[in-house]
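**Q** quick one: sequence plus predicted model below, questions after.
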Amino acid sequence: MLLSRKTQFVGTKTLNCALVFVTNSLNNAKMRKLCQEHVHTILFELTLPLLLISENEFQLWSENPVEYVRLQVDNSNAWNVKKVNEDLIKTICNIRQTRKNKISENLTNYLQLLVENL
């Protein structure tokens with residue numbers, strides 16, 4: 001479901017539920033092992049574009065910046081895809097290969113990509 005977002009429209013509630021499911025799955029060691037081959041794709045090709053500002057958000061920012069900021073920090077909205085997306089990114093970036101590694105390889109790669117784009 002989540003991987004189909006790259007090529008076709010997925011509704012907000014469906015996308016939100018898929019992100020929550022993947023986040024919860026990655027907290028389980030057996031499921032994390034099954035999803036390991038898709039983590040890079042999820043992190044770089046799905047979650048990163050979801051963080052970008054949409055056309056509607058830009059219009060809201062232009063017309064009413066206070067409302068835009070309120071919506072971004074509203075934790076009471078269970079269907080806020082950006083908040084759920086942030087949780088998924090945190091979960092993926094906290095996956096370490098061994099206990100000795102204090103910093104995840106996913107976190108290093110993600111931050112390096114962000115720095116390159118800035």
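**A** Looks like it arrived, so ask away.
**Q** would you map the strands across this protein?
**A** With DSSP state E, there are no strands along the chain.
**Q** kindly list the main-chain dihedrals of N77?
**A** Per-residue torsions, N77: phi -80, psi 110 (degrees, to the nearest 10).
**Q** find the residue at the geometric middle of the chain.
**A** Most central in the chain under C-alpha atoms, centre = their mean is N85, positioned 3.0 Å from the mean C-alpha point.
**Q** mind listing what it touches?
**A** The contact partners of N85, by C-beta atoms under 8 Å, 6 or more residues apart in numbering, come to L19, T47, L50, L51. For glycine as for every other residue, the C-beta is placed from the backbone atoms N, C-alpha and C.
**Q** by neighbours, which of these wins?
**A** L19 (25 neighbours; other C-beta atoms under 10 Å).
**Q** and that one, how far from K13?
**A** Distance, L19 to K13, by C-beta to C-beta, to the nearest Å: 11 Å.
**Q** equivalent analysis for P49, please.
**A** 18 Å.
**Q** cool, E55 as well?
**A** Counting by C-beta to C-beta, the gap from E55 to K13 is 20 Å.
**Q** those two: which is more packed in?
**A** Remark: of E55 and K13, K13 carries more neighbours, 11 against 7, as counted by other C-beta under 10 Å.
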